[in-house]
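Asks: model this:
(one chain, ligands or ions: 1)
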Amino acid sequence: MKETVFEADVLCVGGGIAGLMAAIHAADSGARVIVAEKANTLRSGNGATGNDHFRCYIPEFHGPDVQPLVEEVAHSQVGNARTMNTVRVWMENSFDIVKLWDSWGIPMKYKGTWEFAGHTLPGRPFTTLKYSGQQQKPVLTREARKRGVQIVNRVTVFDLLCESDRVMGAIGLDSRENQLVVFRAGAVILCTGTCVRLYPGIAPGWNFNRAYCAATTGDGRAMAYRAGAELINVEMPQRWAGPKYMARCGKATWVGVVKDPDGKPVGLMSKPDRKYGDAIADAYHTLFADYAKLGKAPLYMDCRDASDEDLDYMKYWLVHEGNMAMLNHMNEEGIDLKKHAVEFTTYELTTAGGVRFNEKSETSLKGLYAAGDEYFGGISAAAVFGWLAGENAANYAKRAKASDVAVARETVDQKMSLLSGMLSRSSGASWQEANIALQQTMQDYAGGVRSETMLQAGLAHLGRLKEKAYNGMLAGNPHELMHCIEVLNLFDVGELVFLASLERKETRGGFIRPDYPYANPLLNNKLLVCKMVNGKPVTEWIQMKG
Ligand SMILES: Cc1cc2nc3c(=O)[nH]c(=O)nc-3n(C[C@H](O)[C@H](O)[C@H](O)COP(=O)(O)OP(=O)(O)OC[C@H]3O[C@@H](n4cnc5c(N)ncnc54)[C@H](O)[C@@H]3O)c2cc1C
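Replies: Here you go, the predicted structure:
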């Protein structure tokens, strides 16, 4: 396998929304910037084919005081475990990003005005601006290129290069050229998105049928952990909901009412309202699974009482919400929302936690920044904290020198030998087999209900599987090798889910431990930190401040 070296002041790992925004602002701040992207920034990640809700504060819509909105967002699903100060910084910067995006050609107004709808309960402040995001990735890619950002597509970054306590670059696999890529950089920004494929999906035979982009496999979390950075709340489960068997995020875009098989509304709305949708599925993510357990399923998203105008409105936004395939499928199958209700389901488990970063996007390691769904926040958090990360990393890089390849030689050689080993084996397990074995273990031993004995048994099982994966996975070509890397990263994230679940001796929200059946008040406002110290995982409780 060949080796090639790139050099930059700032390396953005992942060219999704956060990565491109970071790159643009780092370049504006005078840095030489590289974006290393696993796929192609034109259509990659969770914003690949669009989004339509952008959390933001717009003074002319909300009034002069940002505080009510800060509190609303802080107490919503994206405020989880974020300090009030971080949410305030997010909201205060959000309108600048809205104006920037609009000026670049991402339409942020609907029919000439700021349109807020969805993710909102009647009587509460609106937090999400409707915007037409279908072309956001080509637009952001163009803006990055205009500023001289070097975009290196088809490179999966899989480890950080560190010197003492500082991050100074990264190593990746070019899955087209079959070569190892070494990045030397003054600062690195992790923007690899969320963590999918850790648990079985709703249609387990189809591993890529996921609500979120199946290429976002927690690589940033795994790299950060191995480098010694802090991760938080990885054990806390997160679940989404949406149409059954064809998994796709976007439930807040539907203008309907969630109903039981007798046509009785089960949630917060009794008739469709395009301003609110039915936020029950936001407020109660396991609704559909719980009704199935009670023998009261299936539940349906029923749009039949919506007006023609409201249905057109909804379809317009589903196009921008990356749901074109869903709309095409409904057309092909003759599913008419005027006549048919659509069955919804609870999607798979995933981790709500991720890399710990502050309101400046700094992680616990020098030279390492993170943004976006490295700790879930949705599109506007990705845009705002990506933007802030870009400027802060560029300023840091001005003071720091890039890594010396010679210093990183040992790490690079180790990684080269791991990859070459998987490519040269003539027999072994495929990445699919390893991924499915991991998912099965996660589901059975660290699923919806967790306990000391099951977690200990599962952790031991996972340890054996991980060793087998390292020593026995086989890649027939560089593309499969990329998937092998993803699976190894998922094993690390899975292991952390087990370790942190063992440490959280309580039941809180969706985290259920019947052996500790109540929320321990001593753990209120505390974060569970995991990090690697001297090659060993360590957990620690810290108080949330600010
Ligand atoms: C259909 C759908 C609709 C949604 N709608 C909304 C909405 O309306 N509002 C909202 O707030 N949120 C929405 N979301 C969530 C939103 O898209 C994400 O929160 C957002 O994209 C996060 O941005 P990000 O840059 O952190 O990650 P992503 O946009 O997912 O980008 C991550 C990038 O990193 C790349 N990558 C991953 N691993 C590596 C690696 N090892 N090396 C190199 N590159 C790597 C990926 O290919 C990808 O390009 C939606 C998600 C989906 C799937």
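
Asks: which neighbouring elements make contact with the helix ranked longest in the chain?
Replies: If each helix of the chain is counted by residues according to DSSP state H, the longest one is helix 478-503. Applying 3 or more CB pairs under 8 Å, 6 or more residues apart in numbering; DSSP states H and E, we find helix 478-503 packed against strand 155-163, strand 166-174, helix 219-227, helix 409-424, helix 431-445, helix 452-472, strand 526-533, strand 536-543. C-beta here means a position set from N, CA and C on the backbone, and glycine is covered the same way.

Asks: buried sites along the longest one?
Replies: The reference is to helix 452-472. For helix 452-472, burial by neighbour count (16 or more other CB atoms under 10 Å) applies to 454, 455, 458, 459, 461, 462, 465, 466, 469.

Asks: check the fourth one too.
Replies: Of the residues in helix 409-424, those with enough neighbours to count as buried (16+ other CB under 10 Å) are 411, 412, 415, 416, 418, 419, 421, 422, 423.

Asks: looking at those residues, which is nearest residue 533?
Replies: Using CB to CB, residue 411 comes nearest to residue 533 of the buried residues of helix 409-424, at 18.1 Å.

Asks: pLDDT on stretch 258-276, on average?
Replies: The average pLDDT for stretch 258-276 rounds to 94.

Asks: ignore what I typed, I meant stretch 109-128.
Replies: Averaged over stretch 109-128, pLDDT sits at 94.

Asks: these two touch, right, residue 128 and residue 120?
Replies: Yes: assessed by CB atoms under 8 Å, residue 128 is found in contact with residue 120 at 7.1 Å.

Asks: distance-wise, check residue 249 relative to residue 310.
Replies: 21 Å (CB to CB, to the nearest Å).

Asks: give me the number of residues near the nearest residue to residue 148 once chain neighbours are set aside?
Replies: Once flanking residues are discounted, residue 148 sits nearest to residue 27: 6.1 Å by CB to CB, 6 or more residues apart in numbering. Using other CB atoms under 10 Å, residue 27 has 23 neighbouring residues.

Asks: so what pLDDT did residue 27 get?
Replies: Reported pLDDT for residue 27: 98.

Asks: name the SS class of it, please.
Replies: Residue 27 falls in the helix class when you classify it by DSSP: H, G, I helix; E, B strand; the rest coil.

Asks: does residue 398 touch residue 26 like I think?
Replies: No: under the criterion of CB under 8 Å, residue 398 is not in contact with residue 26, lying 10.8 Å apart.

Asks: between these two, who's got more neighbours?
Replies: Neighbour tally, residue 398 and residue 26, criterion other CB under 10 Å: the higher count belongs to residue 26, 35 against 13.

Asks: quick check: that one touching residue 396?
Replies: No: between residue 26 and residue 396 there is no contact under CB under 8 Å: 10.1 Å.

Asks: so where's the chain shaky on pLDDT?
Replies: Residue ranges of the chain with pLDDT under 70: 401-407.

Asks: and it, what are its domains?
Replies: With domains defined by automatic domain parsing, the chain comprises 52-132, 239-350, 409-543.

Asks: reformat these as TSV; add distance to the ligand.
Replies: Shown next, in TSV, are the domains of the chain (distance: least, CB to the nearest ligand atom, whole Å):
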stretch	distance to the ligand
domain 52-132	4
domain 239-350	4
domain 409-543	7
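
Asks: save the ones you listed as TSV, and put in distance to residue 182 too.
Replies: What follows is the domains of the chain, written out as TSV (distance: least, CB to CB, whole Å):
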stretch	distance to residue 182
domain 52-132	33
domain 239-350	31
domain 409-543	6
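
Asks: nearest to residue 189, out of those?
Replies: Among these, domain 52-132 sits nearest to residue 189 (CB to CB), with 16.5 Å.

Asks: do you have the helices of the stretch 301-450 of the chain handy? List them.
Replies: Secondary structure of the stretch 301-450 of the chain by DSSP state H, counting those that start in this stretch: the helices cover 308-320, 324-333, 378-399, 409-424, 431-445.

Asks: re the thing from before, okay, and the common contacts of residue 398 and residue 26?
Replies: Residues touching both residue 398 and residue 26 by CB atoms under 8 Å, 6 or more residues apart in numbering: residue 9.

Asks: need the contact list for the residue nearest to residue 148.
Replies: By CB under 8 Å, 6+ apart, the neighbours of residue 27 are 33, 144, 147, 148, 149, 390, 394.

Asks: what do you get if the cut-off is 7 Å, keeping everything else the same?
Replies: The contact partners of residue 27, by CB atoms under 7 Å, 6 or more residues apart in numbering, come to 33, 147, 148, 149.

Asks: how close does it get to residue 430?
Replies: Taking CB to CB, one finds residue 27 at 40 Å from residue 430.

Asks: equivalent analysis for residue 115, please.
Replies: Taking CB to CB, one finds residue 115 at 47 Å from residue 430.

Asks: which of these two has more residues huddled nearby?
Replies: Comparing residue 115 with residue 430 by other CB under 10 Å, the one with more neighbours is residue 115, at 20 against 16.

Asks: so the more buried one is in contact with residue 130, correct?
Replies: Yes: if you go by CB atoms under 7 Å, residue 115 and residue 130 touch, sitting 4.4 Å apart.

Asks: which residues does residue 189 contact?
Replies: Contacts of residue 189 by CB under 7 Å, 6+ apart are 10, 12, 13, 22, 369, 370, 371, 389, 393.

Asks: excluding chain neighbours, what is closest to residue 194?
Replies: Nearest residue to residue 194 in three dimensions, chain neighbours excluded: residue 373, at 4.1 Å (CB to CB, 6+ apart).

Asks: and the one you found, how many neighbours?
Replies: For residue 373, the count of nearby residues is 29 (other CB under 10 Å).

Asks: cool, residue 97 as well?
Replies: The burial count for residue 97: 19, using other CB under 10 Å.

Asks: just residue 123 next, same as before
Replies: 6.

Asks: got it, and residue 427?
Replies: What residue 427 shows, counting by other CB under 10 Å, is a neighbour count of 6.

Asks: again, but for residue 60
Replies: Burial of residue 60, expressed as a neighbour count using other CB under 10 Å, amounts to 9.

Asks: what distance do you get for it to residue 381?
Replies: According to CB to CB, residue 60 stands 22 Å off from residue 381.

Asks: just residue 65 next, same as before
Replies: Taking CB to CB, one finds residue 65 at 21 Å from residue 381.

Asks: got a list of what the spatially most central residue of the chain touches?
Replies: By CA atoms, centre = their mean, the chain has its centre lying nearest to residue 194, at 2.1 Å. Shown in contact with residue 194 (CB under 7 Å, 6+ apart): 46, 212, 216, 373, 376.

Asks: within reach of the ligand, which of these are there?
Replies: 46, 212, 216, 373 (CB under 6 Å from any ligand atom).

Asks: just put those residues in JSON lines and tack on distance to residue 321 and secondary structure.
Replies: JSON lines is the format used below for those (distance: CB to CB, whole Å; DSSP: H, G, I helix; E, B strand; the rest coil):
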{"residue": "46", "distance to residue 321": "11", "secondary structure": "coil"}
{"residue": "212", "distance to residue 321": "13", "secondary structure": "coil"}
{"residue": "216", "distance to residue 321": "17", "secondary structure": "coil"}
{"residue": "373", "distance to residue 321": "16", "secondary structure": "helix"}
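
Asks: may I have the beta-bridge partners of the closest residue to residue 367 other than its chain neighbours?
Replies: Closest residue to residue 367 apart from its sequence neighbours, by CB to CB, 6+ apart: residue 167 at 4.2 Å. Following DSSP bridges, residue 167 is listed with bridge partners residue 162.
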